[in-house]
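> Got a predicted structure here, sequence first:
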Amino acid sequence: MFRSLLQNSKGRAVLVAVMLIVLAVVWQPVLNNDFLTNWDDQWMVTGNPHLLEVTYLNTISTDAIATTFSEPYGGQYSPVNTLAFMVIVRAGGMEPFGFQLFFLIVHILNFLLVGLVLQKLLAMITGLKLDNRHRFLIAWTTAFLFAIHPMQVESVAWISASKIPLYSFFYLLGLWVYLFYRQTGKWWHLGVVLLCFIASLLSKEQAVVFVATLVAVDLVVCKNFKERWIWLEKVPFVLVALFFGWFTLSIQGSPGVGGSYPFGQRLLFANYSFWEYIIKLMVPHNLSYFYFFPMDPGESIPLLFWFYPLATGVFGWVLVEYRHKINGVILFGGLFFLINIALVLHLLPTPRAAIIADRYVYLSAIGFFLVVIYGMVQFIGWLSTNQTMIRSGLAIAGLVYLLMAGYTHQRTQDWKDFETLYNDVESVLEHHLGIGASGAGFINRHMLSAYRDE
């Protein structure tokens, strides 16, 4: 039956519709979640001065919009996200349901965009021989894993993290339109891509790496990658990225905990973070809101952290040794993951107090999942003469998706309110994580004290 559904467009539409229904069921608990009024929502949302006029006068004036776009707030500049908040409050008041519903819809739209982008990309990769059935299977299985993975809960369930699904929406939309531009060569398509890039940057500064993703697309779809015009057309994107990068650095406050470590230690943290993100994407176990630094600034780094650069070196050697086996799908997926995770690997000093965070892998996970799903489909194809093995492989894959869905459904409820979130972090600290003084101090200062004040 599954194969028959893959054979025609109507059957494939049915499969996408089933995925949408499953996503709605899995993510439904977020609609019951409250504001985390002691955990950033109190200043990002309910106490945001940009929303005061909308809250009390029930209107969105041009002055309010102008202020939103002209004044950074809290060391951040995300006016498109704030504008979305304004629309939500205007439509339904300062109630958590409206926020949760809006950004859940954005997440589901991102699922659709991932499927559309990857299906089109797989049809355009130079030298890749896949029929429509396999392109659909790889693209939409990847998109479904992206949408249902437990590490995505933080970005969707936490209203203060709304910038991440929102910037990802414009990022993916721009990438989709860029693929049309690569097919048609119409300059207005490129203009739309630039507008999407700017909208993504105005949602979250992390979108600054979008231009590198465009280069990754060119690398796998363009036959004449070294042509000058391919690089010249990127000039407006580079200029916009440089401006926003400078502007973001100029409005950020003190470097905080994350910026207090010397570069050598941050380099070790970068290797650790890289592998931890991969491990948690493969086996999402013991997920937490906070992953603390292993020691305070000035203390010696644990011996275990020296293992991760070694693992990176071995991984790099394997890539070089087997580079002839890396096709366009693996190359793009790997580059997409690395490009979109690079800014949160601590190579640059940042004010972040956590060594990793689930929300930072929201977009980059697409690249990793693409490589994994493509490899699985190729492996199952290699077993095509053994139907028992194929059925076993599909059953295992189905079980994995079921477990992911169950964990995600359960984890959305950990974000119901401040008390449930506090209990979740406390449980992880007590049973699973060995934290340094920095971690203990953080939870005492920022969570426990706030909880008691409540």
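Alright, I've got the coordinates. Numbering: from 1, shown residues only.
> Which residue comes closest to Leu370 once chain neighbours are left out?
Gly333 (3.8 Å; CB to CB, 6 or more residues apart in numbering). C-beta coordinates here come from the backbone N, C-alpha and C atoms, glycine included.
> Give me the distance between the one you found and Ile125.
11 Å (CB to CB, to the nearest Å).
> for His409, same thing?
His409 is 35 Å from Ile125, by CB to CB.
> Settle it for me: which of Gly333 and Ile125 has more neighbours?
The neighbour count for Gly333 versus Ile125, taken as other CB atoms under 10 Å, is higher for Gly333 (24 against 19).
> quick one: contacts of the helix or strand harbouring that one?
Here Gly333, judged by DSSP states H and E, is contained in helix 328-341. For helix 328-341, contacts defined as CB atoms under 8 Å, 6 or more residues apart in numbering pick out 121-122, 125-128, 138, 206, 209, 212-213, 216-217, 219-221, 274, 277, 326, 360-361, 363-371, 374-375.
> next structured bit after that helix?
helix 365-382.
> Who are the packing partners of that next one?
With contacts defined as 3 or more CB pairs under 8 Å, 6 or more residues apart in numbering; DSSP states H and E, helix 365-382 has these neighbours: helix 96-124, helix 132-148, helix 263-282, helix 328-341, helix 387-412.
> Next, count neighbours for Lys120.
If we define neighbours as other CB under 10 Å, then Lys120 has 18 of them.
> tell me the pLDDT at it?
On pLDDT, Lys120 comes in at 96.
> how close does the residue nearest to it when sequence neighbours are not counted get to Ile164?
Residue nearest to Lys120 in three dimensions, not counting chain neighbours: Leu179, with 4.8 Å by CB to CB, 6+ apart. For Leu179, the distance to Ile164 (CB to CB) stands at 23 Å.
> Also Gly333?
Distance from Gly333 to Ile164, by CB to CB: 20 Å.
> try Asn81
From Asn81 to Ile164 the distance is 9 Å (CB to CB).
> out of the two, which sits in the busier spot?
Per other CB under 10 Å, whichever of Asn81 and Ile164 has more neighbours is Ile164, with 26 against 22.
> For the residue sitting nearest the centre point of the chain, list the residues it contacts.
For the chain, the residue nearest the mean C-alpha position is Tyr362 (1.6 Å; CA atoms, centre = their mean). Tyr362 sits next to Met151, Gln152, Ser155, Ile164, Pro165, Ser168 when contact means CB under 8 Å, 6+ apart.
> so can I have JSON lines of these showing pLDDT?
JSON lines is the format used below for those (pLDDT from 0 to 100):
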{"residue": "Met151", "pLDDT": "95"}
{"residue": "Gln152", "pLDDT": "95"}
{"residue": "Ser155", "pLDDT": "94"}
{"residue": "Ile164", "pLDDT": "95"}
{"residue": "Pro165", "pLDDT": "96"}
{"residue": "Ser168", "pLDDT": "97"}
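> Kindly reformat those as CSV containing secondary structure.
What follows is the contacts of Tyr362, written out as CSV (DSSP: H, G, I helix; E, B strand; the rest coil):
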residue, secondary structure
Met151, helix
Gln152, helix
Ser155, helix
Ile164, helix
Pro165, helix
Ser168, helix
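> any idea which of those is closest to Gly74?
Ile164 (16.0 Å; CB to CB).
> Test my guess that the closest one contacts Ser155.
Yes - the criterion here is CB atoms under 8 Å, and Ile164 meets it with Ser155 at 4.4 Å.
> so what sits against both of those two?
In contact with both Ile164 and Ser155: Arg359, Tyr362, using CB under 8 Å, 6+ apart.
> Now Phe170. Nearest residue, chain neighbours left out?
Nearest one to Phe170, counting by CB to CB, 6+ apart, is Ser200 at 3.7 Å.
> so where's the stretch 1-150 of the chain shaky on pLDDT?
Counting by pLDDT under 70, the stretch 1-150 of the chain has low-confidence residues at 1-7.
> Kindly recompute the last result at 80.
1-9, 11, 37-39, 53, 55-59, 61, 74-75 (pLDDT under 80).
> And the stretch 351-454 of the chain, by the same measure?
351-354, 379-397, 417-454.
> Now for Val14, how many residues are close by?
Neighbour number of Val14 under other CB under 10 Å is 12.
> Helix or strand: which one has it?
helix 9-27.
> tell me which residues in that helix are buried?
Gly11, Arg12, Leu15, Val16, Met19, Val22, Leu23, Val26, Trp27 (16 or more other CB atoms under 10 Å).
> what's it in contact with?
4-6, 104, 107-108, 111-112, 115, 136, 140, 143-144, 147-148, 156, 405, 408-409, 412.
> Export only the CA atoms of that helix, formatted as CSV.
Output in CSV follows, covering the C-alpha atoms of helix 9-27 (Å, rounded to 0.1, in the frame of the first residue of the first chain):
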residue,chain,number,x,y,z
SER,A,9,0.7,12.7,-7.0
LYS,A,10,-2.6,12.0,-5.2
GLY,A,11,-1.1,9.2,-3.1
ARG,A,12,1.8,11.4,-2.2
ALA,A,13,-0.6,14.2,-1.2
VAL,A,14,-2.4,11.8,1.1
LEU,A,15,0.9,10.9,2.8
VAL,A,16,1.7,14.6,3.4
ALA,A,17,-1.8,15.1,4.8
VAL,A,18,-1.4,12.1,7.1
MET,A,19,1.9,13.7,8.3
LEU,A,20,0.1,16.9,9.0
ILE,A,21,-2.5,15.2,11.1
VAL,A,22,0.2,13.4,13.1
LEU,A,23,2.0,16.6,13.7
ALA,A,24,-1.2,18.3,14.9
VAL,A,25,-1.8,15.5,17.4
VAL,A,26,1.8,15.4,18.6
TRP,A,27,2.1,19.1,19.1
